[in-house]
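> Sharing a model that was predicted from the sequence below.
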Amino acid sequence: MDGICTLGNDRVFDQVIALLNSIEVMLGADFPVCIYPYDDNIEQLTAAIANRPNVEIYSDRNSMDAWDSFAKAAWDTHPTAFQRWSQAGSKGYHRFGTHRRYCAFDAPFDRFLYMDADTLLMNDPAPIFKELEHHDCVVYDFQFKDITHIYDVNSPKLTQVFPQERLDREIFCSGLFASKHNTFPPSQRDWIVDRLKAGEAEVLYPMSVDQSLINYMMMRSGKSIYNLALELPGDRATGCCVTSPHFEAEDHLLYDGGTRLTYLHYIGISSRIFARLCGGENIDFPYRDIFLHYRYLHEPEKRPTLSGKPKVYDAPPSFFEKIKRKLGI
């Protein structure tokens, strides 16, 4: 069985609902979806999917515990990770829970498409699933243009572990990838940790925990990675990131040079921004109306009425906002 999965909790509630609605529009209300819980804060999500029989929240505690243990064991091998996380304000493991997306390798689908909560499906993903007939992992992004968010480019061991030609073509954004059940059985996970313990951990980039590790897992295990952004003809490949200003909107869909996007990734926009918008604050970001359309697809009466001049989502704080923050107001 094929399915789509995501990672979420109540903190990203609005994004998850928008994603679920976009999947429904593209694939129908019966297409199976699984949500992997980032943590135990899922009360609102659980209630929201009660009337969506095609959607389940993953509940296999043994599977989640096993991947929790794997993620800890993998990062315990890194020479500087905890120091860097501490400097960034994290206590213990950084963004612990993001690796729960790896549960997709366990269940409930034979083949799955993982999508981050801050994405929207905009086209039929059949071409992605089709490529899984020939490859272990299928992706569609341009992360290969910036390796610094995947591996530590200052590590002299990086090109010893992975030849440059592989680094140029195989790295990918963990916000969307397709793969198959049991791609990483326990024995292979143990082997991966052993390789990291042997000194290869230094190639990982600690500030992008799940993304760096899943790239290492796929590449170090010799999995076949197929990137549609590299393989499609230039006039058919599209972008996917909200940072691209040139997409054209039509009927709540986006087009890049006349070709419909497969998905849109609101990368870099904090969950707090979505919460503030859905709470009625007139805060602006690229393709905001597209998000609002899918978020309130089934409850248009709840769509916030925005008034006043919109605030740019990444605008620097004003002098008075800085003062209020300093005073804790």
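Ah, there it is.
> where does the stretch 1-150 of the chain dip in pLDDT?
Applying pLDDT under 70 to the stretch 1-150 of the chain flags no residue at all.
> And the helices in it, which stretches?
Using DSSP state H, counting those that start in this stretch, the helices of the stretch 1-150 of the chain run over 13-27, 43-48, 61-76, 81-87, 126-131.
> could I get the longest one in CSV with only the CA atoms?
Output for helix 61-76, consisting of C-alpha atoms alone and laid out as CSV, is shown next (Å, rounded to 0.1, in the frame of the first residue of the first chain):
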residue,chain,number,x,y,z
ARG,A,61,5.6,2.9,20.8
ASN,A,62,8.2,0.2,20.2
SER,A,63,9.0,1.6,16.8
MET,A,64,9.2,5.2,18.1
ASP,A,65,11.4,4.1,21.0
ALA,A,66,13.7,2.2,18.7
TRP,A,67,14.2,5.3,16.4
ASP,A,68,14.6,7.5,19.5
SER,A,69,17.4,5.2,20.7
PHE,A,70,19.0,5.1,17.2
ALA,A,71,19.0,8.9,16.9
LYS,A,72,20.6,9.3,20.3
ALA,A,73,23.2,6.6,19.6
ALA,A,74,24.1,8.2,16.3
TRP,A,75,24.5,11.7,17.7
ASP,A,76,26.3,10.5,20.8
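> Could you give me the buried positions within that helix?
Neighbour counts using 16 or more other C-beta atoms under 10 Å place 63-64, 66-68, 70-71, 73-75 of helix 61-76 among the buried residues. For every residue, glycine as well, the C-beta is placed using N, CA and C.
> related to what we said a few turns ago, I'd like to know which of the helices of the stretch 1-150 of the chain lies nearest to R189.
helix 61-76 (5.1 Å; C-beta to C-beta).
> Can you name every helix or strand that the closest one contacts?
helix 186-197, helix 209-220 (3 or more C-beta pairs under 8 Å, 6 or more residues apart in numbering; DSSP states H and E).
> go with 10 Å
Applying 3 or more C-beta pairs under 10 Å, 6 or more residues apart in numbering; DSSP states H and E, one finds that helix 61-76 contacts strand 33-37, helix 81-87, helix 186-197, helix 209-220.
> tell me the angle of the third one relative to helix 209-220?
In this case it means helix 186-197. Counting by axes from the mean of the first three to the mean of the last three C-alpha atoms, to 10 degrees, helix 186-197 lies at 100 degrees to helix 209-220.
> same question for helix 186-197, mean pLDDT?
The pLDDT scores in helix 186-197 average 98.
> Please shift the residue numbers so they start at 14 in all later answers.
Happy to do that; since the first residue is 14 now, the last one works out to helix 199-210.
> Packing partners of that helix?
In terms of contacts (3+ C-beta pairs under 10 Å, 6+ apart), helix 199-210 is packed against helix 74-89, helix 222-233.
> just how off-centre is the shortest one within its chain?
Mean-position distance between helix 222-233 and its chain equals 13 Å (C-alpha atoms, centre = their mean, to the nearest Å).
> the strands in the stretch 114-263 of the chain, which residues?
Assigned by DSSP state E, counting those that start in this stretch, the strands in the stretch 114-263 of the chain fall at 124-128, 132-134, 150-152, 189-193, 238-240, 261-263.
> Skipping adjacent residues, who's closest to I70 in space?
I48 (4.9 Å; C-beta to C-beta, 6 or more residues apart in numbering).
> Look up which residues are beta-bridged to the closest residue to C18 other than its chain neighbours.
Nearest non-adjacent residue to C18, counting by C-beta to C-beta, 6+ apart: C47, 4.3 Å away. Residues in a beta bridge with C47, per DSSP bridges, are C18, E69.
> Pull the contacting residues for C47.
Contact partners of C47, counting by C-beta atoms under 10 Å, 6 or more residues apart in numbering, are 16-19, 67-71, 116-117, 120-122, 125, 127.
> Check K193 too.
K193 touches 117-118, 122-125, 145, 148-151, 236, counting by C-beta under 10 Å, 6+ apart.
> ok, those residues vs C254, which is closest?
Of all those, V151 has the smallest distance to C254: 18.1 Å, by C-beta to C-beta.
> count of neighbours near T318?
When neighbours are counted by other C-beta atoms under 10 Å, T318 registers 6.
> burial measure for K158, as a count.
With other C-beta under 10 Å as criterion, K158 counts 9.
> contacting residues for the residue nearest to I70?
By C-beta under 10 Å, 6+ apart, the neighbours of I48 are 18-22, 29, 32-33, 55, 58-59, 62, 68-71, 113, 130.
> E215 too?
Going by C-beta under 10 Å, 6+ apart, E215 touches 90-94, 164-165, 167-171, 174, 209.
> before we move on, what about Y239?
Counting by C-beta under 10 Å, 6+ apart, Y239 has contacts 141, 144-145, 147-153, 182-183, 185, 191.
> And the pLDDT at it?
Y239 is assigned a predicted lDDT (pLDDT) of 98.
> go on, K337?
So K337 comes in at 43 (pLDDT).
> got it, and A328?
If you check A328, the pLDDT there is 67.
> quick revisit: switch the helices and strands packed on helix 199-210 over to CSV; also include distance to L267.
Formatted as CSV, the helices and strands packed on helix 199-210 follow (distance: least, C-beta to C-beta, whole Å):
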stretch, distance to L267
helix 74-89, 33
helix 222-233, 24
